[in-house]
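give the three-dimensional model of this entry:
(chains A and B)
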Amino acid sequence: MESSSPLIHFDDLRASVLEDVAQRSVSDLTRTVNAPGKMDLLIGEALYAERSRLKRNRPGLFTRGRFKGDARLWSSVQSDLLRPAVEADRAVALDRIVRHYGEEIGGHFNPRVYNFAVHAVPFGLNWLLNAASMRRFVPWGMTQSLEGRMRVTGEIEALKKLSKKGTVLLVPTHQSNLDSVLIGYVIYLMGLPPFAYGGGLNLFSNPVLSFFMSNLGAYTVDRQKSNAIYKEVLKNYSTRILREGVHSIFFPGGGRCRSGAIENKLKLGLLGTGLEAQIENLKVGKPNPNVFVVPMVTSYHFVLEASSLIEDYLAEAGKARFIITDDESWQALKVLNFFWRFFKSQSSMTVRIGRAMDVFGNPVDDEGRSMGPNGTTVDPVKWLTTLGELKAQPERDREYTRELGQRIIQSFYRENTALTSHAVAFALFESLRKLYPELDLYRFLRLSLQQRMIPIDTFRQAARDLKVRLVALADHGGIHLSPEFLASEDWISDGLRNLGLLHEAAVVRIDDGAVFTEDMNLLYYYRNRLAGYGLSLLADPSQNSPGAYDRKGFLA
Amino acid sequence: MTEKDFWLKSKIAVIGGGSWGTVLASLASNNCENVRLWVRDDEQARVINSTRTNPAYIPEMQLSANVKAYAEIERVFEGGVQGVLWALPSSVCRELARKLAPAFGGEEIVIHATKGVEEGTLRRVSEILREELPVARIGVVSGPNLANEVARGEPAATVVASRFDEVIAAGQAMLSTDRFRVYAADDVIGVEWAGTLKNILAIASGALDALQFGWNARSMLLTRGLAEMVRFGVALGGKPETFLGLAGMGDLLATCSSPLSRNYRVGNRLAKGEKLPDILKSLGSTAEGVRTAKSVYEFAKLRGIEMPITEGVYHLIHSGYSVQDVMSALMVRPQRPE
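You can find the predicted model right below:
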């Protein structure tokens, strides 16, 4: 661990960071509410949203304290708002709300907890790994380790170098609550200093997880709070820690991806704080002022909470509801079971680090220079100069961030590593669709067990055809293929073995010369990991960009 | 410093010394101290700088002293420029953008005036510039702007579109005069496609006029042609209302009514029986519609976008159909709601 990381000393800074964030948020918000009565509206809207949130949610055993604090604040804000402004100063109310939020968001970092976690967690996992492998006969000893199961590929060296030349903003795809654990561990494996990250407030309701997260630099992001005041404080907090040089992680898709596909729409609000931090750094002439955005794509053979996610996706048809309570990732036994099976299965996880970009989405070389097209370099100061002056310009910066978002999505698709199980799911799903081309998504997913069965030879042919298309795509740099596609004798068997291994219902089964699925929704979920590439032969060829649907409502 | 002061003190590069490029340089010279026009060769530069006119393209216009022509790109960008007005034909856009990329510093605001797309790929010019130049702030200027009329100082209006407000503001500051109004838009896709698609209809209009019909036929062509433009533009991500504005309807009326328009002349002479290569040779400058008709026809067919007039123009140009054949084919299509 590098002692130079600003996160190590974060607790010394915390008070002054929160003070800055509070002052900045109050002054920014006050500036936006220049018209009379607007301040009442701003606070009133937050009050309304917060009161209905408190009414909707019942506190749990571990969240009661926070819940009570929230309720106290908002009932006093309400009584203030009912009095005339001369008696109850709105500025004071705003200041109180902002500080309340700041305190909730602000993370901690405890180096001792960090040291404990990075040593104890892998120890525990390795123990589990070896215990699980006992059943198998490993001829040359029990030397398997967790590292062996995690394939970390891509621009690792560049990331290490850049982490010393500026502030890294790591933007991973998000499929599972276990992503945070995995990514935290990958960062440690790469020898990088700890990163701060925004964890959903719901993750903090478990006291054990909460203890670790809040002492490992996590700050909280509550997606249920969407009022303007909260968003302002959150953005300022993120900007402020990036300015301190604290490497950070955002899941730019917001929550976990519901459909199983790679993210095709990003939340740009937090993402824009990288640009904001860089402008402020440049203005004060800070050394290493640049923020580097590094995409990261994880690939799993199975996702613990896949059933809940795809159900939610189908119910809302893409309109993301952000909180799923009681999904599988909360049940301790399930999580344990997941790890047990994972280690037993000899299955692996793949993490790919993409090429770093600057805050505009231009590629960055190892030295941290932004590269333009045709051998040019880009000087960020020039791109941030408007009417001859280096300054923040909200309208311009929103557009830069929108472009950055598009580049991140492109990178996600390129850096995705297709696993054999994804290809098997895709091939099976598409061969079934060929039998019922007239059905739309919802009718198709309700096929009876008898109807969703195809002869094994048909399936294998479809899988082989798909592989040809995948290889062509990979040759053009459109995707990566896991080594099993090329190395193993029969990648199809590998995919069949691994596909959705954990789920109660078999995502794919072979019985009596036929292949079928016991769970169409899950099959669709795993199949979607390869959506958006134009691999489906049934989709309208003009509608195969990321996130597009074909005429029957399937992700193309 | 106010916006106006900033642009008054600024240096502007105009890339392309054709008729519209020269007129843009002249418009900018009213609002910017230092305007540099990049032209093809030393001889053209010398003539422009000594006679203060561009006789090869637009002889009637007098250029003011703060417009200087150069053939070397380094001279144009010397000391850095703040605004770039890009006025090159779409066919050379990518190639020249690649060549000129190293000259750009990054702070430039680039506004292009090209009414065409890349053949085959259908990339819009703003997309090509974004891909090839180390700049981000890019926009488009388009509208019913026949170069000779603007050169004579007749009243006219245009649209500047960009996703960046500051590009629009810059376009307005650089190009507005008391005879030339600049409107703002954010629908870059719509404005670029409107300017591109109307060239196809200009060919159709020229061809139709060769048959010497009256106003009914012309109105039918323009109105149904506009419907085609909207259909195609919206399928590619433009907003329908853009096509009703200056860049759409406005430009369509000007281009399709004026014998000055190059595309109109191509259609007219084709209808009179001349061969395409001869026409293009004697035209001397680019008629964007010829290439556009092919690309758009092929793409529309692939995507199932109905474009009967474009199809007719394509056959007129590339399949050797006569204008009478095309006309009759269009008139006997099945009856349908408007």
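
give me the buried positions along the helix or strand hosting residue A:414.
Using DSSP states H and E, residue A:414 falls within helix A:394-415. For helix A:394-415, burial by neighbour count (16 or more other C-beta atoms under 10 Å in any protein chain shown) applies to A:396-401, A:403-405, A:407-409, A:411-415. For every residue, glycine as well, the C-beta is placed using N, CA and C.

for chain A, what's its nearest residue on chain B.
residue B:134 (2.9 Å; C-beta to the nearest C-beta).

low-confidence ranges in the stretch 201-350 of chain A?
The stretch 201-350 of chain A contains residues with pLDDT under 70 at A:201-217, A:317-347.

now the strands: where do they sit in it?
Taking DSSP state E, counting those that start in this stretch, the strands of the stretch 201-350 of chain A run over residues A:218-221, A:248-249, A:291-299, A:349-353.

how close does residue A:362 sit to residue A:380?
9 Å (C-beta to C-beta, to the nearest Å).

joint contacts of the two?
residue A:370 (C-beta atoms under 8 Å, 6 or more residues apart in numbering or on different chains).

show me where the stretch 351-500 of chain A has its strands.
Here the stretch 351-500 of chain A has its strands, by DSSP E, counting those that start in this stretch, at A:370-371, A:377-378, A:385-386, A:389-390, A:417-418, A:453-455, A:480-481.

how about the ones you listed in JSON lines, adding mean neighbour count?
Putting the strands of the stretch 351-500 of chain A into JSON lines (neighbours: other C-beta atoms under 10 Å in any protein chain shown) gives the following:
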{"stretch": "strand A:370-371", "mean neighbour count": "20"}
{"stretch": "strand A:377-378", "mean neighbour count": "18"}
{"stretch": "strand A:385-386", "mean neighbour count": "19"}
{"stretch": "strand A:389-390", "mean neighbour count": "12"}
{"stretch": "strand A:417-418", "mean neighbour count": "23"}
{"stretch": "strand A:453-455", "mean neighbour count": "16"}
{"stretch": "strand A:480-481", "mean neighbour count": "20"}
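
make JSON lines out of those strands and add mean pLDDT and distance to residue B:189.
Converted to JSON lines, the strands of the stretch 351-500 of chain A look like this (pLDDT from 0 to 100; distance: least, C-beta to C-beta, whole Å):
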{"stretch": "strand A:370-371", "mean pLDDT": "97", "distance to residue B:189": "27"}
{"stretch": "strand A:377-378", "mean pLDDT": "96", "distance to residue B:189": "25"}
{"stretch": "strand A:385-386", "mean pLDDT": "96", "distance to residue B:189": "24"}
{"stretch": "strand A:389-390", "mean pLDDT": "95", "distance to residue B:189": "31"}
{"stretch": "strand A:417-418", "mean pLDDT": "96", "distance to residue B:189": "32"}
{"stretch": "strand A:453-455", "mean pLDDT": "94", "distance to residue B:189": "43"}
{"stretch": "strand A:480-481", "mean pLDDT": "96", "distance to residue B:189": "32"}
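
pipe those into CSV and attach distance to residue B:245 per row.
Formatted as CSV, the strands of the stretch 351-500 of chain A follow (distance: least, C-beta to C-beta, whole Å):
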stretch, distance to residue B:245
strand A:370-371, 36
strand A:377-378, 34
strand A:385-386, 27
strand A:389-390, 33
strand A:417-418, 46
strand A:453-455, 54
strand A:480-481, 46
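
take these and write them to a markdown table, including distance to chain B.
Listed next are the strands of the stretch 351-500 of chain A as a markdown table, based on distance: least, C-beta to the nearest C-beta, whole Å:
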| stretch | distance to chain B |
| --- | --- |
| strand A:370-371 | 9 |
| strand A:377-378 | 5 |
| strand A:385-386 | 5 |
| strand A:389-390 | 8 |
| strand A:417-418 | 27 |
| strand A:453-455 | 31 |
| strand A:480-481 | 24 |
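
nearest to residue B:151, out of these?
Closest to residue B:151 of the strands of the stretch 351-500 of chain A, according to C-beta to C-beta: strand A:385-386, at 32.1 Å.

returning to that earlier point: can you tell me the average pLDDT over the helix holding residue A:414?
Helix A:394-415 carries an average pLDDT of 97.

give me the neighbour count for residue 56.
You didn't say which chain, so I picked chain A. Residues within reach of residue A:56, counting by other C-beta atoms under 10 Å in any protein chain shown, total 8.

you answered for a different chain; I wanted chain B.
Count around residue B:56 with other C-beta under 10 Å applied: 18.

could you do residue A:191 as well?
Neighbour count of residue A:191, defined by other C-beta under 10 Å: 11.

per-residue confidence at it?
Residue A:191 carries a pLDDT score of 82 in this model.

thinking again about what came up before, so which of the strands of the stretch 201-350 of chain A gets nearest residue B:243?
Nearest of these to residue B:243, taken as C-beta to C-beta: strand A:291-299 at 37.0 Å.

just the angle between the closest one and helix A:394-415, please?
30 degrees (axes from the mean of the first three to the mean of the last three C-alpha atoms, to 10 degrees).

hmm, back to that, what's the helix holding residue A:414 packed up against?
Using 3 or more C-beta pairs under 8 Å, 6 or more residues apart in numbering or on different chains; DSSP states H and E, the elements in contact with helix A:394-415 are helix A:268-271, helix A:273-283, strand A:291-299, helix B:165-175.

repeat the analysis, applying 10 Å as the threshold.
Helices and strands touching helix A:394-415, by 3 or more C-beta pairs under 10 Å, 6 or more residues apart in numbering or on different chains; DSSP states H and E, are strand A:167-172, helix A:268-271, helix A:273-283, strand A:291-299, strand A:349-353, strand A:385-386, helix B:165-175.

of the ones you listed, which is nearest residue B:95?
Ranking these by distance to residue B:95, with C-beta to C-beta as the measure, places helix B:165-175 first at 23.8 Å.

and the closest one, is it in reach of chain A?
Yes - for a cut-off given as C-beta under 10 Å from any C-beta of the partner chain, helix B:165-175 has contacts with chain A, namely B:165-167, B:169-170, B:173.

show me how far that helix is from its chain's centre.
Put simply, helix B:165-175 sits 18 Å off its chain's centre (C-alpha atoms, centre = their mean, to the nearest Å).

report the rounded mean pLDDT for it.
Per-residue pLDDT over helix B:165-175 has a mean of 97.

tell me the buried residues in that helix?
By 16+ other C-beta under 10 Å, the buried positions in helix B:165-175 come out as B:165-175.

next, the angle from it to helix A:394-415.
Going by the same axes, to 10 degrees, helix B:165-175 is angled at 120 degrees with respect to helix A:394-415.

next SSE after helix B:165-175?
The C-terminal neighbour of helix B:165-175 among helices and strands, as given by DSSP H and E, is strand B:180-185.
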